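A.B. asks: Have a look at this fold, sequence not included:
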DNA sequence: CTAGGATCCTGTCAGC
DNA sequence: TGCTGACAGGATCCTA
């Protein structure tokens, strides 16, 4: 589920937690679900993280031994870092049989970081959705993934750009002009515009939320054939994509801070900025019409039938 | 080549 | 209370 702003927020957070002595060396990797880790996890042991990068929705951990990890969260992936002191506090609570709690959460928040798919139960790790645990000297990184669509893959750093997924990625909206997008749309004239902007080889980073929000901004009906989008409108799409993702980044994307309140319940950061996503049945803030939900290209799609033109 | 549907998985929710 | 089907912030594979 995480889209570009969420992944970028995770990149920044883990960059603070893991780089060099903050995480230390990898002591071991526990692969609890085989399909969630591609390659030989033993290669990673003894290495430390030198740099966190991102390409589209993929996170890249560069390691000190010229290897890298590519992590894609897909629909339900989460990455959660627990500094060792926090982990040990949790273990103590479990062993004493007391209810897991964050009575000292204010304090502990400085020792954890996490983001990705919003779920409760992030106080209890590892849990049954934990697929991979990377044990660092100074803490633990949990990769949780309910649906097992996501993965971590180990490969040489100089092969990252040649990776099947990475090599197909288009530019992100900030690096692309409307004219460039317009030209690309001409190769998919018959497909609905929403499906085309979700294609990571056309423009990288948009997912189901920001695709809907972008189309709302550009006042284009998600079902409109891509061939009927003008060059000027393509410019609006690029502008809108930058704007909605910038806004989400500013709000911190989907981190634990935003998703999980101190009592462990789920927050809803979407309320902060969504104009159409999950607002079906509510009034369009631009024209007052009712926002509708339908299906386009197999994906739930939210739009205003009045101000988004066919 | 494109377009569209099925598929990978687990969990939740609405409706009987 | 079960059961059933639909659906989920992604991407790929298969078919026409």
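C.D. replies: On my side now, so go ahead. Computed from a predicted model, the values in this text were never measured in an experiment.

A.B. asks: now for the strand or helix carrying residue A:234, which elements pack on it?
C.D. replies: Using DSSP states H and E, residue A:234 sits within helix A:231-250. Helix A:231-250 is packed against helix A:4-18, helix A:178-185, helix A:208-217, with contacts defined by 3 or more CB pairs under 8 Å, 6 or more residues apart in numbering; DSSP states H and E. All C-beta atoms are positioned from the backbone trio N, CA, C, and that covers glycine.

A.B. asks: who's in contact with that helix?
C.D. replies: Identification of contacts with helix A:231-250 by CB atoms under 8 Å, 6 or more residues apart in numbering yields A:3-6, A:8-9, A:173-174, A:176-179, A:181-182, A:185, A:197, A:203, A:205-206, A:210, A:213-220, A:229, A:269, A:273.

A.B. asks: Using TSV, please lay out the helices and strands packed on helix A:231-250 together with mean neighbour count and mean pLDDT.
C.D. replies: Converted to TSV, the helices and strands packed on helix A:231-250 look like this (neighbours: other CB atoms under 10 Å; pLDDT from 0 to 100):
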stretch	mean neighbour count	mean pLDDT
helix A:4-18	22	92
helix A:178-185	18	98
helix A:208-217	25	97
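
A.B. asks: Could you work out which of those reaches nearest to residue A:147?
C.D. replies: helix A:208-217 (14.9 Å; CB to CB).

A.B. asks: chain center to that closest one, what's the gap?
C.D. replies: Between the centre of helix A:208-217 and the centre of its host chain there is 16 Å, according to CA atoms, centre = their mean, to the nearest Å.

A.B. asks: what does the stretch 201-310 of chain A put close to DNA strand B?
C.D. replies: A:226, A:297-298 (CB under 7 Å from any atom of the strand).

A.B. asks: give the contact list for the closest residue to residue A:234 other than its chain neighbours.
C.D. replies: Spatially, and ignoring its direct neighbours in sequence, residue A:234 is nearest to residue A:182 (3.8 Å; CB to CB, 6 or more residues apart in numbering). Residues near residue A:182 by CB under 8 Å, 6+ apart: A:229-231, A:234-235.

A.B. asks: What subset of the residues you listed is buried?
C.D. replies: Neighbour counting with 16 or more other CB atoms under 10 Å marks A:229, A:234-235 as buried within those.

A.B. asks: could I get the helices and strands packed on helix A:231-250 as TSV with distance to DNA strand C?
C.D. replies: Converted to TSV, the helices and strands packed on helix A:231-250 look like this (distance: least, CB to the nearest atom of the strand, whole Å):
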stretch	distance to DNA strand C
helix A:4-18	4
helix A:178-185	16
helix A:208-217	3
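
A.B. asks: Now render those helices as TSV, adding distance to residue A:29.
C.D. replies: Shown next, in TSV, are the helices and strands packed on helix A:231-250 (distance: least, CB to CB, whole Å):
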stretch	distance to residue A:29
helix A:4-18	14
helix A:178-185	39
helix A:208-217	31
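
A.B. asks: what number of residues lie near residue A:169?
C.D. replies: Residues within reach of residue A:169, counting by other CB atoms under 10 Å, total 18.

A.B. asks: Looks like it contacts residue A:56 (just checking).
C.D. replies: Yes. Here residue A:169 reaches residue A:56: they are 4.7 Å apart, a contact under CB atoms under 8 Å.

A.B. asks: so what sits against both of those two?
C.D. replies: Both residue A:169 and residue A:56 are contacted by A:200, A:204, under the criterion CB under 8 Å, 6+ apart.

A.B. asks: Residue A:174 in helix, strand or coil?
C.D. replies: The three-state assignment at residue A:174 reads helix, by DSSP: H, G, I helix; E, B strand; the rest coil.

A.B. asks: can you check residue A:279 too?
C.D. replies: coil.

A.B. asks: show me what contacts it?
C.D. replies: A:291, A:302.

A.B. asks: same deal with residue A:119?
C.D. replies: By CB under 8 Å, 6+ apart, the contact set of residue A:119 is A:78, A:129, A:144, A:146, A:266.

A.B. asks: Check what pLDDT it gets.
C.D. replies: Looking at residue A:119, its pLDDT is 74.

A.B. asks: before we move on, back to that, in the helix holding residue A:234, what counts as buried?
C.D. replies: Using 16+ other CB under 10 Å as the test for burial, helix A:231-250 gives A:233-238, A:240-242, A:244-245, A:248.

A.B. asks: Quick one: those residues as a markdown table, columns for pLDDT and distance to residue A:113 too.
C.D. replies: Shown next, in a markdown table, are the buried residues of helix A:231-250 (pLDDT from 0 to 100; distance: CB to CB, whole Å):
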| residue | pLDDT | distance to residue A:113 |
| --- | --- | --- |
| A:233 | 98 | 39 |
| A:234 | 98 | 37 |
| A:235 | 98 | 37 |
| A:236 | 98 | 35 |
| A:237 | 98 | 33 |
| A:238 | 98 | 31 |
| A:240 | 98 | 30 |
| A:241 | 97 | 27 |
| A:242 | 97 | 26 |
| A:244 | 94 | 24 |
| A:245 | 93 | 21 |
| A:248 | 88 | 18 |
